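Chemist: Take this sequence and fold it.
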Amino acid sequence: MKLYLASNNEHKRAEFEELLPGYEIILPKDEGLDFDPDENGASFIENALIKAESLYALINKPCIADDSGLCVNAFGGKPGIHTARYGEEGGKKLSDREKYMLLLKNMEGISDRRASFVCTMALIIDEHTKYVVEKSVKGHITKKAEGENGFGYDPVFYNDEAQEVSALLSRREKNTFSHRAKAACVIKEILDKEHDAIWKEMNRN
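Modeler: Numbering: from 1, shown residues only. Below is the predicted model:
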């Protein structure tokens with residue numbers, strides 16, 4: 001069964017196909033759609049809904065979106081919704097490594113290194129049926145980068161439940177312990193429950 005994802009990121013497509021077995025993930029670019037919504041919400045939930053609702057307005061088919069980020073206690077929950085653009089003031093672009101190295105630098109001398117990864121997923125079945133799921137994992141920011149698995153801030157985030165740095169986890173472990181995996185687990189239950197409704201919407205003219 002097809003499910004549209006409010007993203008044009010191939011890495012994210014692959015991840016969602018692993019997290020939602022049985023569903024073919026379709027990106028807007030696959031349909032030739034110009035999709036670049038303005039993520040101007042004040043929370044993960046608002047941004048996830050902005051993306052899902054923007055895509056649904058284009059295709060009128062069941063779709064899903066996610067918004068996620070790193071929340072550091074010592075920074076009052078920042079970078080939060082601005083995680084992907086951390087350190088990019090003034091229009092400059094930073095690589096993932098530059099971002100997490102900047103985070104380590106900004107945390108020098110800070111003893112409270114507690115942090116959490118948050119993921120919100122918004123699922124729209126039809127105009128009257130919407131679901132929002134938000135999950136998080138707790139941990140702390142390490143003092144040095146480790147590992148090469150994963151992406152983003154994984155090399156500097158120690159996952160308390162997994163008892164390991166995220167970038168040292170195998171893909172199978174990440175699909176158990178990550179914030180996105182936990183949100184996707186709930187979404188998969190909802191998708192299975194709504195199977196008939198999704199099928200109907202997908203085949204609606």
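Chemist: wait, E39 sits on K51?
Modeler: Yes: contact criterion C-beta atoms under 8 Å: E39 and K51 qualify, at 6.8 Å. Any C-beta I mention is one placed from the backbone N, CA and C, and that applies to glycine too.
Chemist: okay, those two: which has more neighbours?
Modeler: K51 (24 against 16; other C-beta atoms under 10 Å).
Chemist: Where does the prediction get shaky in this protein?
Modeler: Within the chain, the stretches falling below the threshold (pLDDT under 70) are 205.
Chemist: Give me the common contacts of E39 and K51.
Modeler: Residues touching both E39 and K51 (C-beta atoms under 8 Å, 6 or more residues apart in numbering): D67.
Chemist: tell me which element N40 is part of?
Modeler: Using DSSP states H and E, N40 sits within no helix or strand.
Chemist: Would you map the strands across the protein?
Modeler: Secondary structure of the chain (DSSP state E): strands at 2-5, 24-26, 63-72, 114-126, 129-141, 157-159, 164-165.
Chemist: For the closest residue in space to L103 that isn't next to it in sequence, grab the count of nearby residues.
Modeler: The shortest distance from L103 to any non-neighbouring residue, by C-beta to C-beta, 6 or more residues apart in numbering, is to V156 (6.3 Å). Applying other C-beta under 10 Å, we find 27 residues neighbouring V156.
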